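Trainee: this is a predicted model, with the sequence first.
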Amino acid sequence: MSYAKVLSVGLVGMRGHLVEVEADVANGLPLVALSGLPDTALHEARDRVRAAIVNSGQAWPNRRITINLLPATLPKSGSGFDLAVACAVLAGAGELPLAALQGVVVVGELGLDGSVQPVRGVLPMVLAAARAGLRRVVVPLANAAEAALIPGITVRGTDNLLRLVNFVRGGEPLLNPPVVAPPAVASGADLTDVVGQGLGRRAVEVAAAGNHHLSMKGPPGAGKTMLAQRLPSILPDLDDEAALEVSALHSVAGTLPPGAPLLRRPPLQAPHHSATVPALVGGGSGLARPGALSLAHRGVLFLDEAPEFSPRALESLRQPLEQGEVSLRRTGGETAFPARIQLVLAANPCPCAKPAGDPACECTALARRRYLARLSGPLLDRIDIQVTLEPLTTAALLDESAVSESSALVADRVAKARAAAVARWAADGWRNNAEVPGAALRSPAWRLPRSVLAPVRQLLDRGELSARGYDRVVRLAWTVADLAGRARPNRGDVCEATELRRGELG
């Protein structure tokens, strides 16, 4: 037999595509030709596969070998095709019967010694195979537990090429995915750690209940970072669909822990303020990879010292915040990654970080304005909640009788508020209040009475609030009502939402 075909999967961004790995072994001068839009890493597969086959005790066919990856118009990248290429070459040379691999997807990178190494993106690869109607996959043993997260798929792992060859020849069986122990309950950051700051705690709770973006301004030590880091602790666990989506993103990025179960907790990404635009929104040569923005999908993206980020990095967030995804065009093609996040910004009041009115602050009014102006108006207009935190007082810090609510108690209220929002908006496909379009809130079915909206209408008439800001205040009012257990917002809810939007509560 001079021709053989083995199935594999290629990734373009988050989307997997079935790839047919063809090998034709013909008489002629020894040569290995590779076609089908391979990248550099895939071109190098010729040397890796040859060494792996020889070091596994198999015969390398010293003939003219042509390897093609179908469809040829689809860009191919990475080293995940190595195992399929090796099987196709051996089968084309007549060394390997392929009956056992009919309808089986094969994925894995080969070491020179024939070992099978883990690859990125196995989860979306196996998901693509399932969507194509295939039900059996062979993956590196280190990726087997990850691949087994897809229901209805028979997953087998291999740690070296020889094991797979013996399996195909009817010898030793492949390895079952390792049993993954359930994750231990982490005793991480809790809201009880936050002293005082009733305004900040309320802002974080409302943000969590409605999936609203949040901005906090205040001097160092006020609790901005502590509050932001504890926001994920009061968010509900991800449902099956969201957990699979988030886990697939981290699989593509190579940040999914080995042997880890499905990611159930909302992720937190907190990049340093020196992060570049590609690090934040995604990038790279050829086909782009996800950045911190997408890795925070269904979770929290926290930008501490936000004015210190480059203007280009901050402005690159505007479009994804509205659309819920980031689209990247590179020389290798265009990719799109989901990016439905909660954005949390923290900023000092001025370059020297002293509170307003502090005699030690030497910053002029112009310097303060310029510093905060690094957060542009269009970006801040997309932030639902904008609060200013005051310095922590000595009395609050040393009050031994003060007891703060735990994350568990707040999370219970947040879960009930989110359940109310889901029941209200599920028929229209929205998960939370922050996703509801302004047009829907102004429709007859959900329009609030003029008397209830009077406070926010006055701000709109005076030009103190934009049309986008008006919609965001109304969304916030629905969230405040959900937390209080009311079916519809009242005037008090609108007033609180207005003050949360404008920066302080009375």
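Mentor: Arrived safely.

Trainee: shouldn't residue 451 be in contact with residue 491?
Mentor: Yes. Residue 451 is within contact range of residue 491, at 6.7 Å (criterion: CB atoms under 8 Å). (Glycine included, C-beta is placed from N, CA and C.)

Trainee: more neighbours, these two?
Mentor: Taking neighbours as other CB atoms under 10 Å, residue 451 and residue 491 compare with residue 491 leading, 15 against 10.

Trainee: in contact with the residue nearest to the more buried one when sequence neighbours are not counted, which residues?
Mentor: Spatially, and ignoring its direct neighbours in sequence, residue 491 is nearest to residue 452 (5.0 Å; CB to CB, 6 or more residues apart in numbering). Residues in contact with residue 452 (CB atoms under 8 Å, 6 or more residues apart in numbering) are 489, 490, 491, 494.

Trainee: to what extent is residue 481 buried, counted in neighbours?
Mentor: So residue 481, with other CB under 10 Å, has 24 neighbours.

Trainee: which SSE is it in?
Mentor: helix 467-484 (DSSP states H and E).

Trainee: helices or strands next to that helix in the packing?
Mentor: helix 198-210, helix 407-425, helix 438-441, helix 450-461, helix 491-502 (3 or more CB pairs under 8 Å, 6 or more residues apart in numbering; DSSP states H and E).

Trainee: packing partners for the longest one?
Mentor: With contacts defined as 3+ CB pairs under 8 Å, 6+ apart, helix 407-425 has these neighbours: helix 198-210, helix 467-484.

Trainee: how far does it sit from its chain's centre?
Mentor: Centroid separation between helix 407-425 and its chain, computed with CA atoms, centre = their mean, to the nearest Å, is 22 Å.

Trainee: and that helix, average pLDDT?
Mentor: Throughout helix 407-425, pLDDT has a mean value of 95.

Trainee: and for the last one?
Mentor: In this model, helix 491-502 has a mean pLDDT of 92.

Trainee: next, the angle from that helix to helix 467-484.
Mentor: Angle of helix 491-502 versus helix 467-484, following axes from the mean of the first three to the mean of the last three CA atoms, to 10 degrees, is 130 degrees.

Trainee: enumerate every residue touching the residue positioned nearest the centre of the chain.
Mentor: Residue closest to the average C-alpha location in the chain (CA atoms, centre = their mean): residue 295, at 2.8 Å. Neighbour list for residue 295: 249, 250, 253, 255, 267, 269 [criterion: CB under 8 Å, 6+ apart].

Trainee: so which of those wins on neighbours?
Mentor: residue 249 (26 neighbours).

Trainee: distance of that residue relative to residue 263?
Mentor: 9 Å (CB to CB, to the nearest Å).

Trainee: what of residue 310?
Mentor: In this view, residue 310 and residue 263 are 30 Å apart by CB to CB.

Trainee: of these two, which one has the most company?
Mentor: Ranked by neighbour count (other CB under 10 Å), residue 310 and residue 263 place residue 263 first, with 26 against 15.

Trainee: in space, what's closest to that one - neighbours in sequence excluded?
Mentor: residue 247 (4.7 Å).

Trainee: and the helix or strand containing the one you found, how far out from the chain middle?
Mentor: Using DSSP H and E, residue 247 maps to helix 240-253. When distances are taken as CA atoms, centre = their mean, helix 240-253 is centred 7 Å away from the chain's centroid.

Trainee: now swap in stretch 155-171 and tell me
Mentor: On CA atoms, centre = their mean, the centre of stretch 155-171 falls 34 Å from that of its chain.

Trainee: what's that stretch in contact with?
Mentor: The contact list for stretch 155-171 (CB under 8 Å, 6+ apart) reads 52-53, 56-58, 83, 86-87, 90, 96-98, 100-101, 106, 108, 110, 113-116, 126, 136-144, 147-148, 172-177.

Trainee: what do you get for stretch 58-67?
Mentor: Applying CB under 8 Å, 6+ apart, the contact partners of stretch 58-67 are 21-36, 46, 50, 53-54, 85, 88-90, 92-93, 95, 161-162, 165.

Trainee: with just CA atoms, put the one helix or strand residue 91 maps to into CSV.
Mentor: Taking DSSP H and E as the definition, one finds residue 91 inside helix 82-92. In CSV, the C-alpha atoms belonging to helix 82-92 read as follows (Å, rounded to 0.1, in the frame of the first residue of the first chain):
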residue,chain,number,x,y,z
ASP,A,82,2.9,14.6,14.4
LEU,A,83,1.3,11.5,15.6
ALA,A,84,-1.2,11.3,12.7
VAL,A,85,1.7,12.0,10.2
ALA,A,86,3.7,9.1,11.7
CYS,A,87,0.8,6.7,11.4
ALA,A,88,0.0,7.8,7.8
VAL,A,89,3.7,7.3,6.7
LEU,A,90,4.0,3.9,8.3
ALA,A,91,0.7,2.8,6.8
GLY,A,92,1.6,4.2,3.4
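
Trainee: show me what it is packed up against.
Mentor: Helix 82-92 sits against strand 3-12, strand 15-26, helix 45-55, strand 64-70, strand 104-106, strand 109-110, helix 161-168, with contacts defined as 3+ CB pairs under 8 Å, 6+ apart.

Trainee: can you give me the helices in the stretch 151-300 of the chain?
Mentor: Taking DSSP state H, counting those that start in this stretch as the test, the helices found in the stretch 151-300 of the chain are 161-168, 198-210, 224-230, 240-253, 277-281, 292-295.

Trainee: any chance of those helices in CSV, with distance to residue 65 too?
Mentor: Formatted as CSV, the helices of the stretch 151-300 of the chain follow (distance: least, CB to CB, whole Å):
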stretch, distance to residue 65
helix 161-168, 17
helix 198-210, 57
helix 224-230, 54
helix 240-253, 31
helix 277-281, 37
helix 292-295, 39
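
Trainee: what's the closest of these to residue 352?
Mentor: helix 224-230 (16.4 Å; CB to CB).

Trainee: for that closest one, give the mean pLDDT please.
Mentor: 92.

Trainee: so how far is that helix from its chain's centroid?
Mentor: Offset of helix 224-230 from its chain centre (CA atoms, centre = their mean): 20 Å.

Trainee: now that helix - C-alpha only, CSV.
Mentor: Only the C-alpha atoms of helix 224-230 are listed here, as CSV (Å, rounded to 0.1, in the frame of the first residue of the first chain):
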residue,chain,number,x,y,z
LYS,A,224,-9.6,48.9,45.8
THR,A,225,-7.4,45.9,45.0
MET,A,226,-8.8,43.8,47.9
LEU,A,227,-12.4,44.4,46.7
ALA,A,228,-11.5,43.6,43.1
GLN,A,229,-9.7,40.4,44.0
ARG,A,230,-12.7,39.3,46.0
